[in-house]
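Chemist: Here is a sequence with its predicted model. Questions after.
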Amino acid sequence: MTKRALPVTVMTLLLLAAWYVGAAWLNWPQAAETLVRANKPAGFADVLAQAYTMKRPILPTPDQVVVELWTSLTGYAPTSPRNLLFHAWVTAEAALTGLAMGLLLGILLAAGIVYTRTLEASLLPWVIASQTIPILAIAPMIVVILGNIGLTGLLPKAVICMYLCFFPITVGMVKGLRSADPLWLDLMRTYSASGMRAFWSLRLPASMPFLFASLKVSVAISVVGAIVGELPTGGQAGLGARLLSGSYYGQTVQIWAALIMASLLSVALIAVVRGLELVLLGRAGAR
Amino acid sequence: MTFPNPLDVREATASRQGSDRAASSAKSSVVVEARKLSLVYPTADKPVTALSEVDLTIARGDFVSLIGPSGCGKTTLLRVIADLERPTSGHIVIEGMTPEQARLKRLYGYVFQAPALYPWRTVERNVMLPLEIMGIARAERQARAREQLERVGLSGFERKFPWQLSGGMQQRVSIARALALQPDLLLMDEPFGALDEITRDHLNLHLTQLWRATGKTCVFVTHSIAEAVFLSTRIVVMSPRPGRILDVIDCDSLPRERKLEIRESPEFAAIAHRVREGLKEGHSYDD
């Protein structure tokens, strides 16, 4: 642990230093102009202090973002729209629903592809083609179409997440369902086990390490999908809505706080997946 | 059951197929009968004859070893008996049935070259796998698994995962798993091939005691002359290209109860010599 602490600390400090240098550099012209307009002294130290404390900086400093996060998280009840936890939960809800749908779709597609040769030839190209369309282009379409048939709120966002999530799961599960050792399959044959039995007792458990690798990718892109899905919905709630309203009013600090919250959410969800993996496969997977 | 054995009381009462198997085995003392059995693999350049006109009769309670260099078709012959391969011509009858019927009735237990344990299952749950597939109740499954693990000397390892066991122990688990089916016929494909000689001696001794205690018919593939002579009541010497039987040697001169010391006896040496001569005749030392 201590061996890792030093390099991690050094790297973090370097990144923070770069961030402060960048903030000074980007905010400098605006800060200098403000001081000159207000007829205040505009020496190096004055401009630097101004660049680091602006209300709407081009790039806020890490401390500004942390203060914004802190006041948002501690200053309001978690159910208040002013608390980022509220928005994170709205986004997480859509991301997790979409992930569950993507998981189901991905596994069904993979099972179809593994068990039916014609599906592999006919379906796989479409699965791959689906991912060549930029999500930003198709997300508003999904929202419009689903809105038109009366589906609003969580579901359109979840569908967008599903659209992104199912792909890594399909690819991983096709590989995973085929990963069973030929001897393991022969063994099933000597027991004259049915195809269903071989699926549940052999192919599916053998695919679990692949599934979890895919899930870690999927959960992160699911959060991205939910945020993208919140942009065209008008942005009532969710981290995407927070980003949108921040950019309407030039509230860069608010945007950055929401960005940090989004990445914290992804990290937390990946940690949950990792935890599940350890619980489910832990001892069996240890080598 | 045909073989009243104090160790096997449970088998007589518990086996689902026990009664009809007993009925069929009462008819005949022949377990496996192959006539003019041939198997040709079509390959890209020219067809490969894995088995050529093989005639073989295996009597009930026999321990038959198939010996020969690699590529002589001994594993193929075992796989044909197990219905893991289909012969291209000739006849083979297992307990008065086709190999497929025998497989569907789960008349044999198969031990592969590698332990082929499912890594996500504990030792006990690996042994319980065939019983799960047969639809045996949970308590009964566990009792049988424990009994078989005890029989191969692995009591206390039930909750371990395969990777926590040595290679020899893993192979013993796979033997316990084959025994858990309570088959009259045990098919073993070089089960100890990957183990060191000390472990191998130990397991050979264990296996011969097991065979005597259970009265099962065993077909054992090996390329070790010493192993074949030590274990067998009959040795089938095979030669490659095309795979055929050169010699069938009866080991009546050795006592049915085998101890490691018999390997020093002149009878043992005589049989080993005959096996070696047989292998030489097939020019199997040339390549």
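Modeler: Yep, that arrived. A quick note: this is a predicted structure, and the numbers were derived from the prediction, not measured. Numbers count the residues shown, from 1 in each chain, chains lettered A, B, ... in the order given.
Chemist: Which residues of chain B lie near chain A?
Modeler: B:82-84, B:103-106, B:108-110, B:112-114, B:116, B:118-121, B:129-130, B:132-134, B:161, B:163, B:181 (C-beta under 8 Å from any C-beta of the partner chain). Heads up, the C-betas are built off the backbone N, CA and C, glycines and all.
Chemist: repeat that for 6 Å
Modeler: Counting by C-beta under 6 Å from any C-beta of the partner chain, chain B comes close to chain A at B:82, B:84, B:103-104, B:110, B:112, B:114, B:116, B:119-120, B:130, B:133, B:161, B:163.
Chemist: Now flag whichever of those is closest to A:A257.
Modeler: Distance to A:A257, by C-beta to C-beta, is smallest for B:W120 among those, at 42.6 Å.
Chemist: On the pLDDT front, check that closest one for me.
Modeler: At B:W120, the pLDDT value in this model is 89.
Chemist: okay, now it: neighbour count?
Modeler: 19 (other C-beta atoms under 10 Å in any protein chain shown).
Chemist: what's the spacing between stretch A:149-160 and its chain's center?
Modeler: 18 Å (C-alpha atoms, centre = their mean, to the nearest Å).
Chemist: re earlier: possible to save the residues of chain B next to chain A as JSON lines with secondary structure?
Modeler: Formatted as JSON lines, these follow (DSSP: H, G, I helix; E, B strand; the rest coil):
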{"residue": "B:A82", "secondary structure": "coil"}
{"residue": "B:L84", "secondary structure": "coil"}
{"residue": "B:R103", "secondary structure": "helix"}
{"residue": "B:L104", "secondary structure": "helix"}
{"residue": "B:Y110", "secondary structure": "strand"}
{"residue": "B:F112", "secondary structure": "coil"}
{"residue": "B:A114", "secondary structure": "coil"}
{"residue": "B:A116", "secondary structure": "coil"}
{"residue": "B:P119", "secondary structure": "coil"}
{"residue": "B:W120", "secondary structure": "coil"}
{"residue": "B:P130", "secondary structure": "helix"}
{"residue": "B:I133", "secondary structure": "helix"}
{"residue": "B:F161", "secondary structure": "coil"}
{"residue": "B:W163", "secondary structure": "helix"}
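Chemist: isn't B:G90 right up against B:S38?
Modeler: Yes. Applying C-beta atoms under 6 Å, one finds B:G90 in contact with B:S38, separated by 5.4 Å.
Chemist: for the closest residue to A:S214 other than its chain neighbours, what are its contacts?
Modeler: Excluding the flanking residues, the one nearest A:S214 by C-beta to C-beta, 6 or more residues apart in numbering or on different chains is A:G172, at 3.2 Å. For A:G172, the contacting residues are A:F210, A:A213, A:S214, by C-beta atoms under 6 Å, 6 or more residues apart in numbering or on different chains.
Chemist: mind checking the SS state of the residue lying farthest from the centre of chain A?
Modeler: Most distant from the centre of chain A: A:N39, at 46.0 Å, with distances by C-alpha atoms, centre = their mean. Put simply, A:N39 is coil when judged by three-state DSSP.
Chemist: Got phi/psi on it?
Modeler: In terms of degrees, to the nearest 10, the main-chain angles of A:N39 are phi 60, psi 40.
Chemist: Distance check, it against A:A31.
Modeler: From A:N39 across to A:A31, the span is 15 Å (C-beta to C-beta, to the nearest Å).
Chemist: B:V40 falls within a strand, correct?
Modeler: Yes. Under three-state DSSP, B:V40 falls within a strand.
Chemist: and the gap between it and A:L276?
Modeler: 50 Å.
Chemist: cool, B:R106 as well?
Modeler: 36 Å.
Chemist: is it true that A:G176 touches A:F210?
Modeler: Yes. Contact criterion C-beta under 6 Å: A:G176 and A:F210 qualify, at 3.1 Å.
Chemist: Pick out whichever of these two has more residues nearby.
Modeler: Taking other C-beta under 10 Å, A:G176 and A:F210 do not tie; A:G176 has more neighbours (25 against 20).
Chemist: element containing the more buried one?
Modeler: helix A:154-177 (DSSP states H and E).
Chemist: Number of residues surrounding A:I133?
Modeler: A:I133 - counted by other C-beta under 10 Å - has 11 other residues nearby.
Chemist: For chain B, which residues score under the pLDDT cut-off?
Modeler: B:1-28, B:282-287 (pLDDT under 70).
Chemist: Among the contacts of A:G172, which one lies nearest to chain B?
Modeler: A:F210 (12.7 Å; C-beta to the nearest C-beta).
Chemist: What residues does that closest one make contact with?
Modeler: Contacts of A:F210 (C-beta under 6 Å, 6+ apart): A:G172, A:K175, A:G176.
Chemist: between the residues you listed, which is nearest chain B?
Modeler: Of the contacts of A:F210, the one sitting nearest to chain B (C-beta to the nearest C-beta) turns out to be A:G176, at 12.3 Å.
Chemist: For B:I175, see how far away the nearest residue to B:S155 once chain neighbours are set aside is.
Modeler: Spatially, and ignoring its direct neighbours in sequence, B:S155 is nearest to B:L149 (6.0 Å; C-beta to C-beta, 6+ apart). Using C-beta to C-beta, we find B:L149 at a distance of 10 Å from B:I175.
Chemist: Check B:C251 too.
Modeler: 22 Å.
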